[in-house]
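S.K.: Have a look at this prediction, sequence included:
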Amino acid sequence: MEDFAGLRGRAEAIIEEIRNAEIRYGRPAGSVRLLAAAKYALPEELVFLKDSFGIADFGENTVQTYRRHLASLPSADGVRMHFIGSLQTNKVKYIADSVEMIHSVDSAKLAREIGKRAGAAGRTVKVLIEINSGREPDKGGVLPENAEELFEECGEIGGIETAGFMTMGPKYDNYTDYFNLFEKTYRLSLDIWRKKHDNITEPVLSMGMSDSMLPAIAAGSGIVRIGSRLFGRRTPPEIGL
């Protein structure tokens, strides 16, 4: 049997930190979902996380790794595969029949392609509008002032369900800068959402990664995307890519 002691210890620590953060920041218990960013993880590690901790949400940055992991997990019932990286329209066809949620929708063109492919597969795919909250020219996502327009456009497209919003954010070296960015995104998301929905429901917010998990939870994130803290820092050759 594989020795996953290191992975077990890291997973236990992260899960405890999330639960403590829910208490500290007044979030309901279990309201923050851990999404394992599995880019360089081994398939058997994903099975271990699900069987040992009930972690079932796994995020992929590329179609290549998405398809490799999906093909390697036939026995992992209940696994939910998310796409969290930049997605080209010509690659949508490879994931639309199986993906749980696409976090990186930043254009109506991409949303229409997802809807088209999902509809052909007889399903509806959940999507998140990616907001470039840090206004970084080298990152995807719509600028904050354009997020509402894209949200409305997506609402007219069949085959998709616009479930909420995602942001990446710049690399900061302190809690406060991360929190301020995430809180602005949270408030913008609620404002957009409540123009179309009631005040009871809230959008899904995917914010925060390994180095920004706590400020994201404090600011209202419902999904944190954790990769390096969970699996350790790796390079593609380590898993044969």
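M.R.: Yep, it's here.
S.K.: Show me where the protein has its helices.
M.R.: 5-24, 43-53, 63-72, 108-120, 147-154, 175-194, 213-219, 228-231 (DSSP state H).
S.K.: Now the first one: buried residues?
M.R.: Neighbour-count burial for helix 5-24, with 16 or more other CB atoms under 10 Å as criterion, is recorded at Leu7, Arg10, Ala11, Ile14, Glu17, Ile18, Ala21, Glu22. All C-beta spots, glycine's among them, are computed from the backbone N, C-alpha and C.
S.K.: what do you get for the third one?
M.R.: By neighbour count on 16+ other CB under 10 Å, the buried set for helix 63-72 is Val63, Thr65, Tyr66, Arg67, Arg68, His69, Leu70.
S.K.: Surely the second one touches Lys39?
M.R.: Yes - using CB atoms under 8 Å, Thr65 is in contact with Lys39, at 5.7 Å.
S.K.: burial of Asn61, as a residue count?
M.R.: 19 (other CB atoms under 10 Å).
S.K.: Against His69, how distant is the closest residue in space to it that isn't next to it in sequence?
M.R.: Excluding the flanking residues, the one nearest Asn61 by CB to CB, 6 or more residues apart in numbering is Gly85, at 3.3 Å. Per CB to CB, to the nearest Å, Gly85 is found 13 Å from His69.
S.K.: what is in contact with these two at once?
M.R.: Glu60 (CB atoms under 8 Å, 6 or more residues apart in numbering).
S.K.: picking up where we left off before, nearest to Thr185, out of the buried residues of helix 63-72: which one, please.
M.R.: Tyr66 (25.3 Å; CB to CB).
S.K.: Let me know how buried the closest residue in space to that closest one that isn't next to it in sequence is, in neighbour terms.
M.R.: Spatial nearest neighbour of Tyr66, excluding adjacent residues (CB to CB, 6+ apart): Glu60 at 3.9 Å. Neighbours of Glu60 under the rule other CB under 10 Å: 23.
S.K.: Then Asn199?
M.R.: Other residues within reach of Asn199 by the criterion other CB under 10 Å amount to 8.
S.K.: Could you tell me how far the closest residue to Lys171 other than its chain neighbours is located from Gln88?
M.R.: Excluding the flanking residues, the one nearest Lys171 by CB to CB, 6+ apart is Asp211, at 7.6 Å. Distance, Asp211 to Gln88, by CB to CB: 27 Å.
S.K.: between the two, which one's more packed in?
M.R.: Per other CB under 10 Å, whichever of Asp211 and Gln88 has more neighbours is Asp211, with 14 against 9.
S.K.: Dig out what the residue nearest to Tyr66 forms beta bridges with.
M.R.: Phe83 (DSSP bridges).
S.K.: Kindly check the end-to-end length of stretch 72-90 for me.
M.R.: 23 Å (CA to CA, to the nearest Å).
S.K.: returning to that earlier point: who touches the residue nearest to Asn61 in this structure?
M.R.: Glu60, Asn61, Thr62, Ser104 are the contacts of Gly85 under CB under 8 Å, 6+ apart.
S.K.: The last one reaches Lys91, doesn't it?
M.R.: No - in terms of CB under 8 Å, Ser104 does not count as a neighbour of Lys91; the distance is 11.6 Å.
S.K.: Look at the two and report which has more neighbours.
M.R.: Ser104 (21 against 17).
S.K.: Kindly state the pLDDT recorded for the more buried one?
M.R.: At Ser104, the model reports a pLDDT of 97.
S.K.: Just put the contacts of Gly85 in CSV and tack on distance to Thr124.
M.R.: Listed next are the contacts of Gly85 as CSV, based on distance: CB to CB, whole Å:
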residue, distance to Thr124
Glu60, 20
Asn61, 23
Thr62, 24
Ser104, 18
